[in-house]
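[1] Let's see this in three dimensions:
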Amino acid sequence: MLQSPPWSGTLPAPKSRYSGRMESVRIDKWLWAARFFKTRSLATEEVNKGHVQVGANKVKPARELRVGETVTVLQAQIARTIVVKGLSGQRGPAPVAQALYEETADSISARLAQQEQRRLRVEPASAIEHGRPTKRERRKLQAGLDARWSATLDD
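    I've put the predicted structure just below:
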């Protein structure tokens, strides 16, 4: 009768990143999975530019992100402060991605205030009284400049 070795059953099962719950995931991968950026390379670029912070510190793309950490993401000049609620290394449907984080109340109010300010901002084209010059007016302007700034030598 064969006996099993004394160490069988006493060793813990090897941990795999893809089995069970994840403890941490790269921040660039998580930003992509949470649908903040369309591609992972865009997420990596934004992290490298310093547009992503964990806590109050700028991070590198390989930084491991954990549940409960606060992340600040700057997108289109709008800062969003979020709390990580779940981890995923795979990009899934939008409802699943939205369950990975929760935006703070301060961030939501600041974002809505910025959107309202942008909506009420004056259109730059309305500052021009007469609009764009016509083709004839542009030619007159150019003719005046050509006469004044000629590069030819006068004999």
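
[2] just for the chain, where's the confidence low?
    Under the criterion pLDDT under 70, the flagged ranges of the chain are 1-21, 125-128, 146-155.

[3] In it, which helix is the longest?
    Ranked by number of residues, the top helix in the chain under DSSP state H is helix 105-120.

[4] Just the buried positions in that one, please.
    107, 111 (16 or more other Cβ atoms under 10 Å). Every C-beta, even on glycine, is put in place using the N, C-alpha and C of the backbone.

[5] and if you look at stretch 38-46?
    Applying a neighbour-count criterion of 16+ other Cβ under 10 Å, one finds 40, 43-44, 46 buried in stretch 38-46.

[6] export those residues to JSON lines and tack on distance to Val122 and secondary structure?
    JSON lines is the format used below for the buried residues of stretch 38-46 (distance: Cβ to Cβ, whole Å; DSSP: H, G, I helix; E, B strand; the rest coil):
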{"residue": "Arg40", "distance to Val122": "38", "secondary structure": "helix"}
{"residue": "Ala43", "distance to Val122": "34", "secondary structure": "helix"}
{"residue": "Thr44", "distance to Val122": "37", "secondary structure": "helix"}
{"residue": "Glu46", "distance to Val122": "30", "secondary structure": "helix"}
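
[7] now the residues you listed in CSV, with distance to Leu74?
    As requested, the buried residues of stretch 38-46 are exported to CSV (distance: Cβ to Cβ, whole Å):
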residue, distance to Leu74
Arg40, 18
Ala43, 13
Thr44, 15
Glu46, 8
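
[8] Phi, psi for the residue nearest the centre of the chain please.
    What sits nearest the mean C-alpha location of the chain, by Cα atoms, centre = their mean, is Gln75, with 4.7 Å. Main-chain dihedrals, Gln75, degrees, to the nearest 10: phi -130, psi 130.
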